[in-house]
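**Student:** below are the sequence and a predicted model; questions follow.
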Amino acid sequence: MDPYLPSEEAQLAFEEEPEEVDLNELEQSLQVPKEDFYGVLNVTRRATEEEIKDSYRKLCRTFHPDKHTDPELQQIAQSRFQIIQKAYEVLTDPTKRASYDNYGEEGLRYTFEPGTNFNDRKEMEEEQEKLKRKKREEEIESLIKVKSEISVQANATPLFAFQPSPFNDPSLLSRFKQCGVSQLYMKHTLQTNIFEQTQAGVTATMLSRNSFGGGNLTGTLRHTFSGACWGEISTTVLNPRVLQGRLFYNLSPDSFIDIHTVAQTTKIPPSFSFTAGQRVGATSTGYVAFKSGQYSLGPWGRQIDQMMRREYSSFAIGLANRAEKSEYNTELQMGLSDSHLTFDYTYTLNPSSKLNAALVLSTGGLNVVVGGDSEVHPQHKVGFSVESGIPSGVTLKLRYTRPNQQIFVPIMMTPVLNLRVALLSIMVPLSAGYAIDKLYLQAKRKKEVEEKIKNLREYHGAYLSARKRDALRVVSLLQKAAAEKTQEEEAKNGLVIVKALYGIFDKEHPEYVADVTVPLQALVHESQLIIAGGHSKSNISGFYDPCFGSRKQLKILYKFNRRMHSVVVADTSPLACPLRAHLIHDA
């Protein structure tokens with residue numbers, strides 16, 4: 001019979017192999033460490049109630065206060081047992097466990113209206129999400145009152161598409177002087193809550209093009225009827241007068257409808273658009289959209305003002321997919337004036353940088369878009385895109401976004417397609433962005449995270465020291481149980497933990513390593529050691545965080561069948577021993 005851990009049990013331990021943590025996730029995790037109930041009970045997040053009860057019973061054999069007669073050890077056991085008991089009560093209660101899974105310990109504080117009944121777990125999670133979303137929206141609305149957008153369109157065609165003639169100076173300086181701003185657009189929005197579910201807003205817009213300009217004011221009233229439905233109505237104050245209405249309704253968590261109507265004059269019926277979407281996969285949503293364009297109802301709408309731009313009806317069908325590292329959108333539209341097929345793809349290089357590519361094939365021509373975005377500071381992003389097409393030419397668009405503010409700078413490079421200019425427009429900002437990110441931004445982000453870690457270690461020093469003291473007290477409690485396990489395993493040539501270290505294995509910082517030999521030996525059961533993944537190992541009884549904020553590892557040297565084995569795993573990775581892969585062949 002094979003003495004090593006059966007493959008099915010090893011696979012169970014490795015259910016949730018986490019991916020490598022990036023700098024942004026590390027920065028977000030720099031909070032006071034809290035007990036992870038799954039880690040306390042040493043089970044995976046997919047553990048069944050029976051598995052949770054089994055783990056709880058094993059821990060009770062060691063930590064139940066009645067198992068100890070020494071008053072000091074009894075006090076240590078009592079302190080740890082209270083944490084184990086709380087974790088057990090939460091994870092064996094379906095309602096509490098759902099709250100904890102979604103929102104952590106904070107979720108246990110959510111309360112519902114008296115008499116609220118839930119038919120299943122999904123319905124309860126939807127109600128929790130609604131409450132949390134409402135709280136988040138209230139916080140955001142109390143802070144975000146003003147939004148602005150600026151677009152400065154420049155014309156650089158004299159520089160890149162110069163047409164030589166006897167009257168033009170071909171020098172670079174002269175061509176540069178001919179470049180200038182062709183259009184300026186500004187939009188400023190002010191919002192405020194007039195009632196709990198009602199918002200009022202005023203939007204001011206201004207457009208200046210080739211020394212001519214205009215502007216308008218738009219008033220908007222938005223009301224939330226329920227968590228699944230909201231509507232708004234808006235109208236311009238100055239000419240041209242436009243009245244708009246919109247209604248959005250979630251039919252279910254997986255489907256929605258969106259109706260938008262626009263009335264520009266009383267001479268014709270208002271145009272409208274209708275969009276309906278349905279989730280068709282775990283990360284995909286399909287939708288259909290219909291635009292009415294301008295139409296007539298009997299004599300109403302037959303005579304259209306010639307000065308008014310005519311809109312035609314269209315029908316579109318599309319699919320949107322959003323995965324962890326990428327997202328794409330594709331749409332097919334058929335209409336009287338415009339039919340097109342579009343495909344848009346975005347890939348996340350890292351948490352702060354994205355690349356984007358799009359293709360538009362329409363009755364008006366072909367258009368290709370390539371671009372990218374990068375976060376230069378928390379919530380501050382810079383980006384670019386190059387639109388190349390027939391007959392639209394080449395346009396370079398620069399953008400900068402920050403909370404409540406957007407700045408766009410479209411630059412017309414050539415009025416007709418020029419592959420050399422298009423390639424140059426892509427490579428220059430892309431290369432510059434890559435160099436800045438590699439040479440400056442990555443080092444800057446890393447330094448900021450290291451500084452945060454240092455400051456938080458000092459700020460939470462007392463708490464971390466208390467956690468360490470508690471862990472060392474638990475180790476003293478486990479000494480006897482670990483010694484008995486060692487004798488038992490040695491007698492049958494079973495699993496004996498020779499040395500186990502947890503932390504950062506850096507010779508310059510030996511204090512960043514904790515000896516966890518005793519706690520791990522105490523966890524050995526029937527010559528097997530299984531540690532669930534998906535949570536930090538600092539939650540295991542007898543463990544503590546020796547290097548808060550840093551990526552930790554667990555290094556184990558153990559004997560099995562009188563042969564030495566060794567393994568190193570990441571902090572949140574699962575572990576199963578013994579395995580043949582851990583065998584040291586030279587030992």
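**Tutor:** That came in fine, so what should we check first?

**Student:** quick one: the helices in this protein, in order.
**Tutor:** 7-13, 23-28, 37-41, 49-63, 71-91, 94-103, 121-143, 157-160, 172-178, 419-436, 442-459, 461-491, 517-523 (DSSP state H).

**Student:** want to throw the ones you listed into TSV with distance to Gly534?
**Tutor:** All C-beta atoms are positioned from the backbone trio N, CA, C, and that covers glycine. Shown next, in TSV, are those (distance: least, C-beta to C-beta, whole Å):
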stretch	distance to Gly534
helix 7-13	11
helix 23-28	14
helix 37-41	7
helix 49-63	14
helix 71-91	13
helix 94-103	11
helix 121-143	19
helix 157-160	54
helix 172-178	58
helix 419-436	34
helix 442-459	23
helix 461-491	20
helix 517-523	17
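
**Student:** and the ones you listed, which one is worst for confidence?
**Tutor:** Among the helices of the chain, helix 7-13 has the lowest mean pLDDT, at a mean of 44.

**Student:** if I pick Arg487, what's in contact with it?
**Tutor:** In this structure residue 487 is Gln, not Arg. Contacts of Gln487 were listed using C-beta atoms under 8 Å, 6 or more residues apart in numbering, and none were found.

**Student:** any idea how far it is from His68?
**Tutor:** 20 Å (C-beta to C-beta, to the nearest Å).

**Student:** before we move on, what about Thr224?
**Tutor:** On the measure of C-beta to C-beta, Thr224 and His68 end up 57 Å apart.

**Student:** and Leu341, by the same measure?
**Tutor:** 73 Å.

**Student:** quick one: which of these two has more around it?
**Tutor:** His68 (18 against 13; other C-beta atoms under 10 Å).

**Student:** okay, the more buried one: pLDDT?
**Tutor:** 74.

**Student:** excluding sequence neighbours, find me the nearest residue to it.
**Tutor:** Using C-beta to C-beta, 6 or more residues apart in numbering and skipping the chain neighbours, the partner closest in space to His68 is Gln74 (4.5 Å).

**Student:** what residues are up against the residue nearest in space to the middle of the chain?
**Tutor:** For the chain, the residue nearest the mean C-alpha position is Glu324 (8.1 Å; C-alpha atoms, centre = their mean). Contacts for Glu324 were tallied using C-beta under 8 Å, 6+ apart; they are Thr348.

**Student:** would you mind measuring from it to Gly534?
**Tutor:** 16 Å.

**Student:** please name the nearest non-neighbouring residue to Val181.
**Tutor:** Ala154 (5.5 Å).

**Student:** could you check how many residues crowd around the nearest residue to His525 once chain neighbours are set aside?
**Tutor:** Nearest residue to His525 in three dimensions, chain neighbours excluded: Lys58, at 6.7 Å (C-beta to C-beta, 6+ apart). For Lys58, the tally of surrounding residues (other C-beta under 10 Å) stands at 15.

**Student:** same question for the one 3 residues further on.
**Tutor:** Arg61 sits with 9 neighbouring residues when counted by other C-beta under 10 Å.

**Student:** distance-wise, check the nearest residue in space to it that is not next to it in sequence relative to Arg80.
**Tutor:** Residue nearest to Arg61 in three dimensions, not counting chain neighbours: Lys67, with 6.8 Å by C-beta to C-beta, 6+ apart. Counting by C-beta to C-beta, the gap from Lys67 to Arg80 is 12 Å.

**Student:** repeat that for Val567.
**Tutor:** Where Arg80 is concerned, Val567 sits at a distance of 26 Å (C-beta to C-beta).

**Student:** the more surrounded of these two?
**Tutor:** A count of neighbours by other C-beta under 10 Å puts Arg80 above the other of Val567 and Arg80, at 23 against 18.

**Student:** the more buried one touches Val474, doesn't it?
**Tutor:** Yes - applying C-beta atoms under 8 Å as the test, Arg80 and Val474 come out as touching, 5.6 Å apart.

**Student:** which residues are in contact with both of the two?
**Tutor:** With C-beta under 8 Å, 6+ apart as the test, Arg80 and Val474 both reach Ser541.

**Student:** neighbours of the residue nearest to Arg61, how many?
**Tutor:** Using other C-beta under 10 Å: Lys67 sits among 15 other residues.

**Student:** same check, this time on Asp506
**Tutor:** Asp506 sits with 12 neighbouring residues when counted by other C-beta under 10 Å.

**Student:** for it, which non-adjacent residue is closest in space?
**Tutor:** Asp506 sits nearest to Tyr512 (C-beta to C-beta, 6+ apart), 6.2 Å away.

**Student:** do I have it right that the one you found meets Ser550?
**Tutor:** Yes - using C-beta under 8 Å, Tyr512 is in contact with Ser550, at 7.2 Å.

**Student:** which neighbours do these two share?
**Tutor:** Shared contacts of Tyr512 and Ser550, counting by C-beta under 8 Å, 6+ apart, come down to Ile504.

**Student:** how close does Asn42 sit to Gln82?
**Tutor:** When Asn42 is compared with Gln82 (using C-beta to C-beta), they lie 17 Å apart.
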